[in-house]
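Participant: Structure, please.
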Amino acid sequence: MDFREVIKEDYDFMADHSISRGKVMPAKIDYINTLEHEGNILCLGGFRIINKSTAWCWIDISDSAGGHTVSMYRVIRDWIDQFCEDHKLVRIQAYVECDFTEAIRLVQHLGFEKESIMKNFVENKDAFMYRKII
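Facilitator: The predicted structure follows:
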């Protein structure tokens, strides 16, 4: 599995292959990468720097990820940790809709802990704020 810089074709692919509910890429991201394996896009992910010690992150998994879940989680976890070390971050955060069990499982596997509930955060739906302290 390899990370590389995202290209336009990656967005086009994810428009039809995302398992995320919204299928909407964030409008402004400071860093974004594609994780692929043998030419198949497994996910896109990115970071938005909030301040000197904190960033928001997101991950959008494709339907091609299938049998690569465990190794993909390991690679993503290492990628997040390396990004935090490189940018001297001490906190990384992500939000997940409260009823999106697959995404909740993902962020928990990546070492995030639930911090709070944000009311009416995603189209009048509640979301959990998760954080990982480095």
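Participant: so where does Asp78 fall, helix or strand?
Facilitator: helix 69-86 (DSSP states H and E).
Participant: Just the buried positions in that helix, please.
Facilitator: Neighbour-count burial for helix 69-86, counted by 16 or more other C-beta atoms under 10 Å, picks out Met72, Tyr73, Val75, Ile76, Trp79, Ile80, Asp81, Phe83, Cys84. Just so you know, the C-beta spots here come from the backbone N, C-alpha and C atoms, and that holds for glycine as well.
Participant: List the contacts of the fourth one.
Facilitator: Read it as Ile76. Taking C-beta atoms under 8 Å, 6 or more residues apart in numbering as the criterion, Ile76 is in contact with Leu35, Cys43, Gly45, Ile59, Leu110.
Participant: And the last one, how close does it get to Asp126?
Facilitator: As for Leu110, its distance to Asp126 is 21 Å (criterion: C-beta to C-beta, to the nearest Å).
Participant: Those two: which has the busier surroundings?
Facilitator: Between Leu110 and Asp126, counted using other C-beta atoms under 10 Å, the more crowded position is Leu110 (20 against 13).
Participant: Would you check that the more buried one makes contact with Trp79?
Facilitator: No: contact criterion C-beta atoms under 8 Å: Leu110 and Trp79 do not qualify, at 9.8 Å.
Participant: And the helices in this structure?
Facilitator: 8-17, 69-86, 101-109 (DSSP state H).
Participant: So which residues make contact with the shortest one?
Facilitator: Applying C-beta under 8 Å, 6+ apart, the set of residues contacting helix 101-109 from outside is Ile19, Ser20, Ile59, Ile61, Tyr73, Arg77, Ala94, Val96, Glu97, Phe128, Tyr130.
Participant: Of those - the most surrounded one?
Facilitator: Counting neighbours by other C-beta under 10 Å, Ile61 comes out on top of the contacts of helix 101-109 with 25 neighbours.
Participant: Excluding covalently adjacent residues, which one is nearest to it?
Facilitator: Spatially, and ignoring its direct neighbours in sequence, Ile61 is nearest to Cys43 (4.5 Å; C-beta to C-beta, 6 or more residues apart in numbering).
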